[in-house]
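# only the shape, not the letters, is given here:
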């Protein structure tokens, strides 16, 4: 199953706005990962597509979706209030599309952070866990844990998939944050990978190998927590 098999869905954010989404649901799926894109690339980005395809091969459905600014072709991310509303609308639509599947939410970078903020403010209905594909803990070159403070208000399991060379999440700060969050947070590190999970050629590893490891970890964890 590939992205070509994905079904386009429309997601009503409010009375004035709708965004598009892509649902990829293999017949043997037990769970659905509702995941949002990063700040600079939409749901059709190759990374997003490869995650959706890889999870489909591992028995997990996915719902990718756009934020309104990306749908409109703007480069300026939406304000948190609108982004949170979009996350909630996407989760609701996923529950309508695949009502029998357990739901997990999250996303790449900005999309993951907006999802966690929404969950911290008020639980996303039906969502059993959160998964972050490179959580953006701070701006590049400005180490801080402020952007992770809201995570202490999340009461469901969280999986952080992080590269050890991620400029938006200093390793020491990320490890410290997850330790503070306790048993509810699982941190999986990918040696030498950056924020895009790219590894230098000098390491002897290929991006495709990192991607396979990421997908295996993600799928195994979702199968473990989804009920």
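Right, received. Where do you want to start? Just so it is clear, the model here is predicted, and its values are computed rather than measured. Residues are numbered from 1 along each chain as shown.
# C-alpha from now on. contacts and neighbour counts both.
OK.
# can you map out the strands along this protein?
With DSSP state E applied, the chain shows strands at 7-12, 18-24, 31-36, 60-65, 102-108, 127-133, 158-163, 185-190, listed in chain order.
# direction included, what does the third one pair against?
In the sheet containing strand 31-36, the strands it pairs with under DSSP bridges are strand 60-65 (parallel), strand 102-108 (parallel).
# okay if I get those strands as a markdown table plus mean neighbour count and distance to residue 83?
Supplementary listing: these in a markdown table, determined by neighbours: other C-alpha atoms under 10 Å; distance: least, C-alpha to C-alpha, whole Å:
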| stretch | mean neighbour count | distance to residue 83 |
| --- | --- | --- |
| strand 60-65 | 28 | 11 |
| strand 102-108 | 26 | 13 |
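# how about those in CSV, adding distance to residue 142 and mean pLDDT?
Formatted as CSV, the entries for the strands paired with strand 31-36 read as follows, by distance: least, C-alpha to C-alpha, whole Å; pLDDT from 0 to 100:
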stretch, distance to residue 142, mean pLDDT
strand 60-65, 29, 98
strand 102-108, 20, 98
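# tabulate the strands of the chain (a markdown table), appending distance to residue 121.
Supplementary listing: these in a markdown table, determined by distance: least, C-alpha to C-alpha, whole Å:
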| stretch | distance to residue 121 |
| --- | --- |
| strand 7-12 | 21 |
| strand 18-24 | 22 |
| strand 31-36 | 18 |
| strand 60-65 | 21 |
| strand 102-108 | 15 |
| strand 127-133 | 14 |
| strand 158-163 | 16 |
| strand 185-190 | 18 |
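# and residue 47, which of those is closest to it?
When the strands of the chain are compared for distance to residue 47 using C-alpha to C-alpha, the nearest one is strand 102-108, at 9.2 Å.
# what about the closest one, distance to the chain center?
Using C-alpha atoms, centre = their mean, to the nearest Å, the distance from the centre of strand 102-108 to the centre of the chain it belongs to is 6 Å.
# residues touching that strand, excluding its own?
Judged by C-alpha atoms under 8 Å, 6 or more residues apart in numbering, the contacts made with strand 102-108 from elsewhere in the structure are 30-38, 91, 95, 112-113, 115-116, 126-135, 222, 226-227.
# now do stretch 213-224
Surrounding stretch 213-224, the residues in contact under the criterion C-alpha under 8 Å, 6+ apart are 30-31, 51, 54-55, 58, 60, 104, 131, 159, 161.
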